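J.: Quick one, fold the following:
(2 chains, ligands or ions: 1)
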Amino acid sequence: MQQRKIRMLTVVGGLLAGMMLLGASAAQADITGPMLANTCAGCHGTNGISGGPAMPTIAGMPAKYLKSIMADFASGKRPSTIMGRLAKGYSEAEIALIADEFAKQKWQNAKSAPQSKMATAVDAKLAKEGEKATKSAKCDKCHEDNGVFQDDDTPRVAGQWLDYLRFKVQDLKNPELKVPQADKMKAGIDKLSAEQLEAVAHFYASQK
Amino acid sequence: MTNLTRRTFIKLTGGVAAVGLTSFGVPAIAGEAKQKVVVVGGGYGGAVAAKYIRMADPKVQVTLIEKNADYYSCPLSNWVVAGFRDMALQKWNYEGLKKHGVEVVIDEVTGIDPAAKSVATAGGKKFAYDALVVSPGVDFKDFPGYDAEAQKKILHAWKAGPDTVTLAKQLAAMKDGDTYILVAPADPYRCPPGPYERASLVAHYLKKNKPKSKVLILDAKPKFSKQGLFQEGWTQLYGFGSDNSIIKWVSGAEGGKVVRVDAKEMAVYTDNNGFEEKHTGACINFIPPNTAGKIAISAGLTNEGGWCPVHLNTFESKMHKGIYVVGDASASGGMPKSGYAANSQAKVVAAAIVAQLNGKQPGEPSYVNTCYSMLSPDYGISVAAVWKFDPATPDKVKEISSGVSPSKAPDFVRKQEALYNESWYQSIMADTFS
Ligand SMILES: Cc1cc2nc3c(=O)[nH]c(=O)nc-3n(C[C@H](O)[C@H](O)[C@H](O)COP(=O)(O)OP(=O)(O)OC[C@H]3O[C@@H](n4cnc5c(N)ncnc54)[C@H](O)[C@@H]3O)c2cc1C
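T.: This is a model prediction of the structure:
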């Protein structure tokens, strides 16, 4: 916070000086939500609607959820490949801008990705088994409405990209990783085998 | 901290500042002729700039001039070389941009007149602009022995297209025991980890199909991008460091610097402590020193190094006002010449141009790069970074965070990153062309 304040003062100072010179050198306007959020689109797609099976769509997710995820990436609490490295690159205020920007967008269910040769196809039979598993493990206590529901702690999972969901459930059973949701979801996860979790991923991916 | 945040303060003062700053153009008045932006080159930089200008301000008329009707993506083209990806998946077109209201002209830009604010094309057309985006990618410097004739036999395939497929065929035609020579250029060049990804995937192909064959990397440089991770993976996958390693890397200091090419002999000559050393290979993949695309040079946008100096807060050219250079052609102050960086820069330019045309200050920029490299079809690694512009160091973007994949990561992480790579491609191509 202290740093932020100091920086604010210098920017303000620069602006006043610029105004006095009137056009001699233009001071730069503030950073905007779209400016920050658009840098994410290279992976998460235009407006957060992902085009690739392993990248989650983040359009329309609650801002508070996105903020907490980014904080967990930055602190390392949530394991990641690149997100931890990127999340550290933003101040809290900037993360809030990014989160608000994606929260404003409209969710779109994952489409099939015929051009992706590595994508896993949704299997209707597995999805049926997955549905049963979600009931027995009480996933629907939080992921209500077959995963359509979302709130500040719960992301929408219905219609999310399958390979992303597969990675997430694989991570949940991976002893080499410590996943934060596992705390909350532990009882349910412990009830399910790796195969059942795979089926759960197929179920949620199949939902619209 | 007071309630007057930076944001509201600037909002309050923004109007005042804009009045004084007439050089930033006058806001368009209803009924007036539309503001025109012309974009030269429809690749990772140009296509994104065109689309994002239209998304931010549909009042602006955007014309994209691209010389090829089809665009072939370099990212993932090394997979094609190594025979595990179809070239059809690399091919994109401009139909999606038209849906954003971008006018697409397939023609080659042959001249830029910064004073008259117009560009001329090979097809004999002229286009006037209020702001111009130039994103022509790279071209190659002349190199001893690498003439037009030599280029038919010895390919660089550093622009994806028919040569990518021909190189794949040359590799497939090698006899077991033959050597694939890859000549890596000096910095700066398009895609810093690219030559090493290609060497890895060629090694993957050879390991399966021609186990007695080798890849020899002759390098002008003393070190290279993600070197630690590449060498760790090569050790794991291709016996790197042992006597029968599939990959051998020779640095510039150890005699890896190629000084001339001889296509008749299918040889390259290196400078080994003042002595010329000859290396022959059944397949030679020579990546010449890079420069900004030719049109940037002829338009007077480049410096003596062959790259386009830009103001790093807007990517406006330092040579000509009203012209913005993005992507590989720009001297981007420490960002790599990657598709992701081009995408990120193009969005900064789009915002800066929309601000300029509306008589506003350009916003503070934010830049990101994320690049994956493959060491085998199941083994991906990555580098990622976030940058800002700091007026105190205007010649270099300020790195806020960065990092590469961890060393000694478990196999499942490498595998996840391989799939992330392919998904990244799907998303960024949709961001570029849909
Ligand atoms: C083998 C390889 C692998 C790579 N892998 C990755 C990767 O995994 N990730 C990554 O981020 N980057 C990667 N890159 C780098 C990436 O391809 C470039 O950084 C990116 O293409 C740069 O975008 P650009 O817009 O500057 O140029 P380009 O994408 O090359 O686009 C330039 C366009 O301008 C057109 N053009 C040029 N001159 C004219 C003219 N006079 N008139 C009209 N049109 C013109 C060209 O036809 C072309 O379509 C890779 C590169 C290579 C070679």
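
J.: From B:Ala385, how far out is the closest residue to B:Val368 other than its chain neighbours?
T.: Nearest non-adjacent residue to B:Val368, counting by C-beta to C-beta, 6 or more residues apart in numbering or on different chains: A:Thr39, 3.9 Å away. Bear in mind the C-beta positions are built from the backbone N, C-alpha and C, glycine included. Counting by C-beta to C-beta, to the nearest Å, the separation of A:Thr39 from B:Ala385 is 11 Å.

J.: Surely the residue nearest to B:Val368 is in contact with B:Gln345?
T.: No. Under the criterion of C-beta atoms under 8 Å, A:Thr39 makes no contact with B:Gln345, lying 10.2 Å away.

J.: Mind listing the shared neighbours of the two?
T.: Common neighbours of A:Thr39 and B:Gln345 are listed as B:Tyr367 (criterion: C-beta atoms under 8 Å, 6 or more residues apart in numbering or on different chains).

J.: Let me see the contact set for the nearest residue to B:Phe84 once chain neighbours are set aside.
T.: In this structure, B:Phe84 finds its nearest non-sequential neighbour in B:Pro377, 5.6 Å apart by C-beta to C-beta, 6+ apart. Residues in contact with B:Pro377 (C-beta under 8 Å, 6+ apart) are B:Trp79, B:Phe84, B:His204, B:Ala418.

J.: And for the third one, the neighbour number?
T.: Meaning B:His204. 24 (other C-beta atoms under 10 Å in any protein chain shown).

J.: quick revisit: which residues do A:Thr39 and B:Ala385 both contact?
T.: With C-beta under 8 Å, 6+ apart as the test, A:Thr39 and B:Ala385 both reach B:Val368.

J.: Can you pull the domain assignment for the chain?
T.: No chain was given, so I picked chain A. A:31-110, A:120-206 (automatic domain parsing).

J.: not what I meant, chain B
T.: Using automatic domain parsing, chain B is parsed into the domains B:34-139+B:291-362, B:142-288.

J.: Make CSV out of those domains and add distance to A:Ala54.
T.: Below are the domains of chain B laid out as CSV (distance: least, C-beta to C-beta, whole Å):
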stretch, distance to A:Ala54
domain B:34-139+B:291-362, 14
domain B:142-288, 19
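
J.: so of these, which one's packed in deepest?
T.: domain B:34-139+B:291-362 (a mean of 22; mean count of other C-beta atoms under 10 Å in any protein chain shown).

J.: chain center to that domain: distance?
T.: Between the centre of domain B:34-139+B:291-362 and the centre of its chain there are 12 Å (C-alpha atoms, centre = their mean, to the nearest Å).

J.: Could you pull out the helices in chain A for me?
T.: Assigned by DSSP state H, chain A shows helices spanning A:2-21, A:33-38, A:41-44, A:63-75, A:83-87, A:92-104, A:124-136, A:144-147, A:162-172, A:181-191, A:194-206.

J.: Just the pLDDT for residue 150.
T.: Defaulting to chain A. Note on A:Gln150: pLDDT of 96.

J.: Not quite, go with chain B.
T.: At B:Ala150, the pLDDT value in this model is 98.

J.: same deal with B:Asp86?
T.: 97.

J.: Equivalent analysis for A:Met8, please.
T.: In this model, A:Met8 carries a pLDDT of 40.

J.: Tell me which helix or strand comes right after the helix or strand of chain B with the lowest mean pLDDT.
T.: One helix or strand of chain B scores below all others by mean pLDDT, DSSP states H and E: helix B:6-20, with a mean of 38. Next along the chain after helix B:6-20, taking DSSP states H and E as the criterion, comes strand B:36-40.

J.: Which helix or strand lies directly C-terminal to that following strand?
T.: Proceeding N to C from strand B:36-40, the next assigned helix or strand is helix B:46-56, under DSSP H and E.

J.: Can you give me every residue that contacts residue 160?
T.: Using chain A here. A:Gln160 neighbours (C-beta under 8 Å, 6+ apart): A:Pro56, A:Thr57, A:Ala110, A:Gly147, A:Tyr204, A:Ala205.

J.: nope, chain B
T.: B:Tyr72, B:Ser73, B:Cys74, B:Ser77, B:Val80, B:Gln90.

J.: Residue ranges in chain A under the pLDDT threshold?
T.: The model of chain A has pLDDT under 70 over residues A:1-28, A:179-182.

J.: What sits closest to A:Gly147 if chain neighbours are left out?
T.: A:Ala158 (3.6 Å).

J.: Verify the stated contact: the one you found with A:Tyr204.
T.: Yes. With contacts counted by C-beta under 8 Å, A:Ala158 reaches A:Tyr204, the gap being 5.6 Å.

J.: Give the burial count for A:Gly84, as a bare number.
T.: By other C-beta under 10 Å, the residues close to A:Gly84 number 20.

J.: Spit out the contact partners of it.
T.: For A:Gly84, counting by C-beta under 8 Å, 6+ apart, the contacting residues are A:Phe73, A:Ala74, A:Gly76, A:Arg78, B:Gly403.

J.: again with B:Val326
T.: B:Gly45, B:Gly46, B:Ala49, B:Val133, B:Val134, B:Ser135, B:Phe315, B:Ala342, B:Gln345, B:Ala346, B:Val349.

J.: Show me the residues you listed that map onto strands.
T.: B:Val133, B:Val134 (DSSP state E).

J.: returning to that earlier point: packed most tightly, which of the domains of chain A would that be?
T.: The most buried one of the domains of chain A (mean count of other C-beta under 10 Å) is domain A:31-110, showing a mean of 21.

J.: ok now do the nearest residue to B:Val48 once chain neighbours are set aside, which residues does it touch?
T.: Once flanking residues are discounted, B:Val48 sits nearest to B:Ala346: 3.9 Å by C-beta to C-beta, 6+ apart. Contacts for B:Ala346 were tallied using C-beta under 8 Å, 6+ apart; they are B:Tyr44, B:Gly45, B:Gly46, B:Ala47, B:Val48, B:Ala49, B:Tyr52, B:Val133, B:Ser135, B:Val326, B:Gly327.

J.: between those, which is nearest the ligand?
T.: B:Gly327 (2.2 Å; C-beta to the nearest ligand atom).

J.: mind checking how far that closest one is from A:Ala205?
T.: B:Gly327 sits 35 Å away from A:Ala205, going by C-beta to C-beta.
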